[in-house]
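> Predicted model, plus sequence, below.
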Amino acid sequence: MFESVETYAGDPILSLNDDFQKDPRPNKINLSIGIYFDDAGRIPVLESVRRAEHAVASRDTPKPYLPMEGAANMRRAVQRLLFGAEHPAVTSGRIATIQSIGSSGGLKVGADFIARWLPGSAVWVSDPTWDNHRSMFEGAGLNVNTYPYYDPATGGVRFDAMLDTVRELPPRSVVLLHACCHNPTGVDLTREQWDRLIPLIAERDLLPYLDLAYQGFGDGIEEDAYAVRALAGARRPDGKPVAFFVANSFSKSMSLYGERCGALSVACADAAEADRVLGQLKFAVRRIYSSPPIHGGQIVAVILDEPELRARWEDELGGMRERIRAMRQALHRVLSAQLPGRDLDYFLTQRGMFSYTGLGAAQVDRLREEHGLYMVRSGRICVAGLNTSNVEAAANALAAVMR
Ligand code: PLP
Ligand code: TYF
């Protein structure tokens, strides 16, 4: 029956993480997978999450199927988090939001929706992007192309080239954009750049698809929602609101990876359109997994809705953000001392969990083999894998192959 089934090569990042686990060397360092580790090298359980879980468990309620779109309180809380509680886009009812199985689930439901309702549209992703973007959209039957993004020469964005490409896209093309903390490069658009890109998107009748997987890891919860808010305020030449997608994740921001908490929101022209879009998102969900699980969504809803837990969460997220920043500075300090004259400021200016080191695959292999330092072969490191006990060793190892 299955003679012709081919071997799965595995996901490069997940396989690397597995290899790390198997490595017997005591001083190994894992900068491969995009997970936030605390200073003790553990995945934290946030106090806000612990308390929300107790609150949810003590409800002692039955566990019916959720509706296809997920729990109403979670969906409402997500809209307020992303757009702002009083945003007219929210209060007017023109946002369709579903609770999803991680933001990956949201990305996939959105991809299926696009394949069904905008069948001629191709998807444009940044060069480079998170590998799974291409897989997910191609898996939904869509064509995936790239727009210029990262500039290895400057460590910044090739913004003019990006705009030139975007300007030439056929109407209704889907433009996938990292709302903050770009994976894998850590290089984000500035507010000024968003403010130049968005009018072009509106004018060219393009469909932006925001991926917001790291809200709060850049500058803050509100600050990192800048692109969402700017798009929600944008208007097309005919005066209608710009339509867009945003898939958001709580995996990192609440350290809830395996609970698979996320959402997909679609900003529509008006409430009637949002109703129809929500209906079709529900149909897409029905055909894949029917309805999402209860538990994680309720943790999220309780944290976002309960002021004391909300404040605690914001504090804890701020702590994660600051710790990453401190590790960036420590890494930069040691590397600068070891490699005088080298411009290493990109470690400080890149934001979020990742940095693009500019290292090639051969250097990455040497780091793993000779120093027990694991990172993705593209040269991406997860800065959140650094801590006060390993940062010096990691910096020394990096310097050894960068010389
Ligand atoms: N998008 C980006 C850019 C990511 O880096 C990730 C996870 O690493 C995801 C989406 C998916 O996250 P999740 O499905 O856990 O919400
Ligand atoms: O490190 C990264 O970029 C991600 C991490 O279900 C990840 O690939 C791992 C598992 C998963 C989603 C994202």
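Happy to help now that I have it. Ligands and ions are numbered 1, 2, ... in the order given.

> list the contacts for the nearest residue to Asp224 once chain neighbours are set aside?
Nearest non-adjacent residue to Asp224, counting by C-beta to C-beta, 6 or more residues apart in numbering: Cys180, 4.1 Å away. Any C-beta I mention is one placed from the backbone N, CA and C, and that applies to glycine too. Counting by C-beta atoms under 8 Å, 6 or more residues apart in numbering, Cys180 makes contact with 188, 212, 214-215, 217-219, 224, 226-227, 351-352.

> Of those residues, just the buried ones, PyMOL syntax please.
Command for PyMOL, covering only those of those found buried under the criterion 16 or more other C-beta atoms under 10 Å:
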select buried, resi 188+212+214+215+217+218+224+226+227+351+352
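
> Which of the contacts of Cys180 fall in helices?
Applying DSSP state H to the contacts of Cys180, the entries found in helices are 226-227.

> Looking at the contacts of Cys180, which are in strands?
Under the assignment DSSP state E, these contribute Leu212 to strands.

> and the contacts of Cys180 as TSV, adding distance to ligand 1 and pLDDT?
As requested, the contacts of Cys180 are arranged in TSV below (distance: C-beta to the nearest ligand atom, whole Å; pLDDT from 0 to 100):
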residue	distance to ligand 1	pLDDT
Asp188	12	98
Leu212	8	98
Tyr214	7	98
Gln215	11	98
Phe217	11	98
Gly218	13	97
Asp219	17	97
Asp224	13	98
Tyr226	17	98
Ala227	13	98
Arg351	13	95
Gly352	9	96
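
> ok so, going back, helix/strand/coil for the residue nearest to Asp224?
What DSSP: H, G, I helix; E, B strand; the rest coil gives for Cys180 is coil.

> residue closest to the middle of the protein?
For the chain, the residue whose C-alpha lies nearest the mean C-alpha position (C-alpha atoms, centre = their mean) is Ala213; its distance is 2.3 Å.

> Would you confirm that that residue contacts Ser103?
Yes: assessed by C-beta atoms under 8 Å, Ala213 is found in contact with Ser103 at 5.5 Å.

> just checking, what packs against the lengthiest helix in the chain?
With residue count as the measure and DSSP H as the assignment, the chain has helix 307-338 as its longest helix. With contacts defined as 3 or more C-beta pairs under 8 Å, 6 or more residues apart in numbering; DSSP states H and E, the packing partners of helix 307-338 are helix 47-57, helix 295-305, helix 346-349, helix 391-402.

> How is the residue of the chain found nearest ligand 2 assigned, secondary-structure-wise?
Among the residues of the chain, Gly34 lies closest to ligand 2, at 2.9 Å counting by C-beta to the nearest ligand atom. When classified by three-state DSSP, Gly34 comes out as coil.

> for Ala247, same thing?
For Ala247, the secondary-structure state derived from three-state DSSP is strand.

> Distance check, it against ligand 1.
Ala247 sits 7 Å away from ligand 1, taking C-beta to the nearest ligand atom, to the nearest Å as the criterion.

> who touches the closest residue to that residue other than its chain neighbours in this structure?
The shortest distance from Ala247 to any residue that is not its chain neighbour, by C-beta to C-beta, 6+ apart, is 3.9 Å, and that residue is Gly106. With contact taken as C-beta under 8 Å, 6+ apart, Gly106 is in contact with 98, 100, 247-248, 262-264.

> Looks like Gln139 contacts Lys108 (just checking).
For residue 139 the amino acid is Gly, not Gln. Yes: counting by C-beta under 8 Å, Lys108 is a contact partner of Gly139 at 7.5 Å.

> The two: who's more crowded?
For Gly139 versus Lys108, neighbours defined as other C-beta atoms under 10 Å are more numerous around Lys108 (25 against 14).

> So that one belongs to a helix, correct?
Yes: counting by three-state DSSP, Lys108 is part of a helix.

> Can you give me the distance of it to Gln329?
Distance from Lys108 to Gln329, counting by C-beta to C-beta, to the nearest Å: 37 Å.
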